[in-house]
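S.K.: 3D, please:
(chains A, B and C)
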Amino acid sequence: MQSFIDSLPLIDHHCHGVVARPLERPAFEALMSEGHKPVAGCTQFDKPLGLVLLRWCAPQLGLEPHAEPEAYLAARLALSPEEVTRRLAGATGVSRLLIDTGHRSDAILDPAAMENVTGIPAAEVVRIEAVMEEVARTGPADGAGLRKAFDDRIEERARGAVGLKSIVAYRTSFDIVQCPPTLAEVDAAGSRWLAALAAGRSRRLEDAILIRYALFRAGELCRTHRYPLQLHVGFGDADIRMPKCDPTVFTPFIAAMEEWDVPITLLHCYPFIREAAFLAEVFSNVYLDIGVIQNFTGPSAGRILAEAMELTPFYKQLYSSDAFGLAELHFLGARLFRNALAKVLDGWIAAGDATPAKAEAIARAIASENARRIYPIG
Amino acid sequence: MQSFIDSLPLIDHHCHGVVARPLERPAFEALMSEGHKPVAGCTQFDKPLGLVLLRWCAPQLGLEPHAEPEAYLAARLALSPEEVTRRLAGATGVSRLLIDTGHRSDAILDPAAMENVTGIPAAEVVRIEAVMEEVARTGPADGAGLRKAFDDRIEERARGAVGLKSIVAYRTSFDIVQCPPTLAEVDAAGSRWLAALAAGRSRRLEDAILIRYALFRAGELCRTHRYPLQLHVGFGDADIRMPKCDPTVFTPFIAAMEEWDVPITLLHCYPFIREAAFLAEVFSNVYLDIGVIQNFTGPSAGRILAEAMELTPFYKQLYSSDAFGLAELHFLGARLFRNALAKVLDGWIAAGDATPAKAEAIARAIASENARRIYPIG
Amino acid sequence: MQSFIDSLPLIDHHCHGVVARPLERPAFEALMSEGHKPVAGCTQFDKPLGLVLLRWCAPQLGLEPHAEPEAYLAARLALSPEEVTRRLAGATGVSRLLIDTGHRSDAILDPAAMENVTGIPAAEVVRIEAVMEEVARTGPADGAGLRKAFDDRIEERARGAVGLKSIVAYRTSFDIVQCPPTLAEVDAAGSRWLAALAAGRSRRLEDAILIRYALFRAGELCRTHRYPLQLHVGFGDADIRMPKCDPTVFTPFIAAMEEWDVPITLLHCYPFIREAAFLAEVFSNVYLDIGVIQNFTGPSAGRILAEAMELTPFYKQLYSSDAFGLAELHFLGARLFRNALAKVLDGWIAAGDATPAKAEAIARAIASENARRIYPIG
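M.R.: Numbering: from 1, shown residues only, chains lettered A, B, ... in the order given. A predicted model of the protein is given here:
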C-alpha cells in the first residue's frame, strides 16, 4: 500500500502556520516541545520526535538521514525561511491546508502567506476563544456589549472560514455545564471578565459561562454554514486537567450538536483515542484524527494510528498534522501518517481481513474524502 | 495453536438471542451499530466489523469471502431466518450459551428458541434492572409493594438462572454510594419512581437507591446460588458517562461481594481492559471478558485480547460474544476469539515464554474451564 | 541490541529488600500477588508472572526452564535464603539498588543486608508516610509535637538517603488540595489523628492535611539535597481509587515542584503510562519508570515498555524492578527490562528510525545515566 498511499493527496484539516524568521537552536528546540522549561544538559532531539525529524527532514535539506542536530540546524539556517518551508511544508503531498489561526497568530504565517510559500491552497478555521479575546480587547462597555461584539465578529469570521474550533478543554476542561447559558448570565459573566481584564486579574478567556455561550453560538454558525466544529482533546499544554479532557465528558454537548447535524471533529485525542473512537461509533456527527501525537511519538506513530483504527468507522477518521511553527512538523505529519496507514492496511491485507481494493478505499476516505465530505472545500 | 483452539468447545457466558425475522438492509445495519442515527451516504459495512463480517460470514452463506454487502444481504434473505441462525450461530463450536434476556426481549429469540434453532444448550442470565421494571409495570401500590414484588420476582427468576446481571453502569454509572440503602429509603424511592412512571416522567429504572437495593439483593441471591453477578463495563450506549463506567470506580461494591465470595464477571471492559485486569489480579472474585469489542474491532481484535492477557490471571478470563440480534455476531465472536487466542499463545510459545502444553492449558481455561468453575452448568 | 543491553549496568532506582527466611508455597505465592485472598483451586503460577518466573528463574536454581512449580519451590527450599538471593538478586547486572524501606520493613532485608548478600551497593529512599507513622508511635503530646518530631526525623532520615518517596496515591489519592496547609491546620489534624490512633480508630496515616504537610516538607528537603521525590502511581493495592491515582490529577503539585527544580519520579504508572509520559514531555522535572508492571505482565512486558517509549523523552525514563520480598522479582525485573528494551530498539533500527549508535545511547540513558544524573549516587 505504501506507493498507493504515497500518491494520495491529503487534506490536513488541522494545522498552523510556520514561523517566518530564521531559527537558532533554542528557538527551534522550543518549537519541538510542549513544555516550557528545558532540562539542563538535555536536548529535544533526544526524544522520539528528534529521531524522526533527523531521519526524514535532513534529506530534504540535502543531508544524510540521521544527521547530527548541529549539522541539521546549520543547513537549515543556510537556507531562507521561505526555502525551508517550501522544501518541507511544500513537499507533503497535501492538497489543502485548513489552518487554525487562533494561536500566537503574530508569530507565524497566516493562511494567505502559507498558501503563497507552499503552493498549497489554504483555508481558515476560526478559534472561538481567540475571537472572544479579540473583541474584549476592543473595549466593549459591558458584558452585553461584549456579547454583541462577539456575535458580530464571529458571524463575520465564520463567513470566511471552513470551520470553527474550540479549545474549551484547555480553558475549563470538558467538565462544565453543557447547556446554553441565559443571556443574563452571559452578560453578567462578561462584565465580570471585562473588569478582571481591566484590573489585570485575567489575561485570557477562562470563564465557563462565556465559553458555553461561544460554543452554542459556534454550533449555530456551523449548522448554518454546514461545516464542522473542531474540539481540541487531550495532549497539549501543561496546565490542563487531563482526566477532564476526556471527550466522553463532553457527551451532552456532542449530543446537542448531533441534533443540529453539526460535525464535531475531535483533534489529537491522545491518550483518549479509544474514547474518541467510541464516540465516533455511537454519534453520527463525531469524527477524529490523531494529529500532533504522530509527530511526538515518531517511531511509534504506527501504534497510535493502529489504535485509532481499531474501532473508528472508516468514514469517520481524518488526517491532520497539527504542525505549529516548524515546517518540519508539516513534513513529518504527512510522512508518518502515510507510513503508518500503509503499515496498518498492509497488515490487514496480509491477514486476509481486507482486499487490496477495499484497503485503497479506506486509505482514500481517511486521506481526504471524509474531510471533503464535511468541510466546504469542494 | 490454531487447530487446537479451533477444536475447543467454548462457553459463551454472555450473549443475547437473534432476531427471528428476515432483515432488510436498514434493519441489518442498525444491528451492526451501537449508534442510533446513520450517516447519510455511509454504511456500517465501512468499519472494522464490516470487514470481518464479509470475510468470515459470507462463506457460511455460500459466497466468497469479501462479498459485496448487497450480495451478502441478498444471500441472507434467500434463506429462512432459522437457516441463517443455524449456519452462523450454530457453527461456532460453542457448547453452552448463557443468555442475557433483559434487553429488547420481545425482538429476539428466547433461550429455549435459541437452543432449539442452534442445537446449543442455553441457560439464562437475569438482568436485575429489567426485573425491577417488569414488576413496576404490574402496578404495585407503593414503594414497599414494589420492593416486595421485586424480592419475590427476582428470587423466582434467580432459581431458574445461572447468573444475574446488572447494567448499573448504563443507568447511574458506577459513581454511586456503594452500601445497601435502608428499606425506608428504598420504599420512598420506589414510591417516587412509581409516581414518575405514572406521570410519564420516567420510562426506565435510573434511581440509584433502587438500583443499589437490587444490586445487594442480587448479591445475596448469587451467594445463595453460588453463581456470578455480571456487570456491564464501558463501551455501549451513547448516553453513558464513560469515565464513571471505569470498573475501578465500583471497587467498594466489588470488595463487598468478595466478602460474600460472589464472583463478579466484568463484561467487555473496553476501554478499561487494563483496569479490569488490575481488579482481577487484586480481588479473588473478579473475572473479565472482552466481549462485544472483539467484533467491533474486527481486524484488531487480536490487539485487544493481547491487552486483556497482559495482566489477567489465566484462571480469571472468560469468553463471550455479547452477540445481539445478528447470528453473524455469534459466529464472528467465536471466530475472532479463537484466532486472537491462537495468535497470542503462538507468540508466547515462539518467544519461549510458554510451553505448548502450558499454552493449551491456558486456552482451555479461558475457553470454558473458568466459566464451568463459576457458573452452575455442570 | 540484546548483547549490548545485557552488558549494561542498571540502576534499580526503586526496589525493596527480600524476605530472609525460607518460603513455603503459600508464603511464596502470596508474594507473587497484589491480592490478599487466594482463589480455591487456582495458583499464582497460572498468570503471566508465573510463566516468566518458571522460565527465567528455574535455570538460576539449576533446573530446566519451565520447571513445575513444585520442583521450583523444592529446589528453592534446598538452598539457603542467602544463596537464593545471591543467585537471583545478585545476578541482575544491577550496579546500584535504591531501596524503599517504608513497607513492611521488619519482614525484609534492609539496605545494608541487601548489599551484603547481593554484593550490589545499596542506598536508601525514605518513605515519608512511614516516617510520620513512626514518629506518631513515639507518643508526641499533640499535633504540634507530632509535626516537630516529624520535621526532626525526616530531616535526619533525608540526610542519609538518596531520595524521598510518597505513597499519597494509596492513602488519599492524588485528588487532594495541592497547596501547603497552614501550621495551625497541620497541628489540629495531627491532634485529631493522634487521638484516633489512641482510640484504635486509625492504624495508618490517611489524613490529607498531614500528608500535604509531609509532601511539601519532603519537597523542601529534596530541593536542599538535590535529589528526587518519588511518587507511587496507579497499579498497587486493592483499596485504591484508581481514577484518582492518575498522575495528571497531581499536576498542581508537580508544577510546584518544578518551580523548586525537584525531580518527580513517577513509579510504575500502569495503567497511566501515557499520562505519565505526557507529564514527562511537558514538565522539566518529571521522570518515569514502568516498575512492577513488567514482572506482572511477563510475556507482554515488551508491549508495556514500548508504550512508555512512545512519547517519553529518552532523558526522562528510568529503570526499576519494584521487587518486593522475592529475589525472583529482582532477577526478572532486570531480565524483562533488558529483553524489552532490546526489542524496542532493534525494531527502531530495523525500521530505520534510529542508528545503532543512537540506540545504544538511548539504552545507556534509560539503564543508568538518567538515574545517575538526578540521584546523588556519584
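S.K.: wait, residue A:138 sits on residue A:150?
M.R.: No: Residue A:138 is beyond contact range of residue A:150, at 10.3 Å (criterion: C-beta atoms under 8 Å). For the C-beta atoms, the positions are set from N, CA and C on the backbone; glycine is no exception.
S.K.: ok, the two, which is more surrounded?
M.R.: Set residue A:138 next to residue A:150 and count neighbours by other C-beta atoms under 10 Å in any protein chain shown: residue A:150 wins out with 24 against 10.
S.K.: now the residue in the stretch 101-250 of chain A positioned nearest to chain B, what's its secondary structure?
M.R.: Here the stretch 101-250 of chain A gets closest to chain B at one residue, residue A:248, 3.5 Å apart by C-beta to the nearest C-beta. Look at residue A:248: counting by DSSP: H, G, I helix; E, B strand; the rest coil, its state is helix.
S.K.: Tell me the pLDDT of it.
M.R.: Note for residue A:248: predicted pLDDT of 96.
S.K.: do residue A:109 as well
M.R.: 96.
S.K.: What's the local residue count around residue A:112?
M.R.: 12.
S.K.: I'd say it and residue A:121 touch.
M.R.: No: using C-beta under 8 Å, residue A:112 is not in contact with residue A:121; the gap is 10.7 Å.
S.K.: Stretch A:49-68 close to chain C?
M.R.: Yes: for stretch A:49-68, a contact with chain C is found by C-beta under 8 Å from any C-beta of the partner chain, at A:51, A:52, A:55, A:65, A:66.
S.K.: quick one: which of these is most hemmed in?
M.R.: residue A:52 leads the residues of stretch A:49-68 next to chain C on contacts (other C-beta under 10 Å) with 27 neighbours.
S.K.: Tell me who's in contact with the closest residue to residue A:305 other than its chain neighbours.
M.R.: In space, residue A:305 comes closest to residue A:340 once its chain neighbours are excluded; the distance is 3.9 Å by C-beta to C-beta, 6 or more residues apart in numbering or on different chains. Residue A:340 makes contact with A:294, A:301, A:302, A:304, A:305, A:306, according to C-beta atoms under 8 Å, 6 or more residues apart in numbering or on different chains.
S.K.: again, but for residue A:191
M.R.: By C-beta under 8 Å, 6+ apart, the neighbours of residue A:191 are A:142, A:143, A:146.
S.K.: Just the buried residues of these.
M.R.: A:143, A:146 (16 or more other C-beta atoms under 10 Å in any protein chain shown).
S.K.: Just send the contacts of residue A:191 back as TSV, with distance to residue C:325 and pLDDT too.
M.R.: Below are these laid out as TSV (distance: C-beta to C-beta, whole Å; pLDDT from 0 to 100):
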residue	distance to residue C:325	pLDDT
A:142	67	98
A:143	63	98
A:146	63	98
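S.K.: any idea which of the contacts of residue A:191 is the one closest to residue A:287?
M.R.: residue A:146 (31.4 Å; C-beta to C-beta).
S.K.: Which helix or strand contains the closest one?
M.R.: helix A:143-159 (DSSP states H and E).
S.K.: how about the CA coordinates for the helix or strand bottoming out on mean pLDDT in chain A, as CSV?
M.R.: One helix or strand of chain A scores below all others by mean pLDDT, DSSP states H and E: helix A:168-171, with a mean of 95. Output of helix A:168-171 as CSV, limited to C-alpha atoms (Å, rounded to 0.1, in the frame of the first residue of the first chain):
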residue,chain,number,x,y,z
VAL,A,168,-12.6,24.6,25.8
ALA,A,169,-10.7,21.6,27.1
TYR,A,170,-7.7,23.8,27.7
ARG,A,171,-9.6,26.6,29.4
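S.K.: So what's the gap between it and the chain middle?
M.R.: 14 Å (C-alpha atoms, centre = their mean, to the nearest Å).
S.K.: next one: stretch A:215-226
M.R.: On C-alpha atoms, centre = their mean, the centre of stretch A:215-226 falls 19 Å from that of its chain.
S.K.: Tell me if it is near chain B.
M.R.: No: Stretch A:215-226 stays out of contact with chain B when judged by C-beta under 8 Å from any C-beta, the minimum separation being 12.1 Å.
S.K.: Show me which positions of that stretch end up buried.
M.R.: A:215, A:216, A:217, A:218, A:219, A:220, A:221, A:222, A:225.
S.K.: Out of those residues, which are close to chain C?
M.R.: Of these, not one also sits near chain C (C-beta under 8 Å from any C-beta).
S.K.: Closest to chain C out of these?
M.R.: Nearest member of the buried residues of stretch A:215-226 to chain C, counting by C-beta to the nearest C-beta, is residue A:215, at 23.6 Å.
S.K.: Please determine how far that closest one is located from residue A:164.
M.R.: 9 Å (C-beta to C-beta, to the nearest Å).
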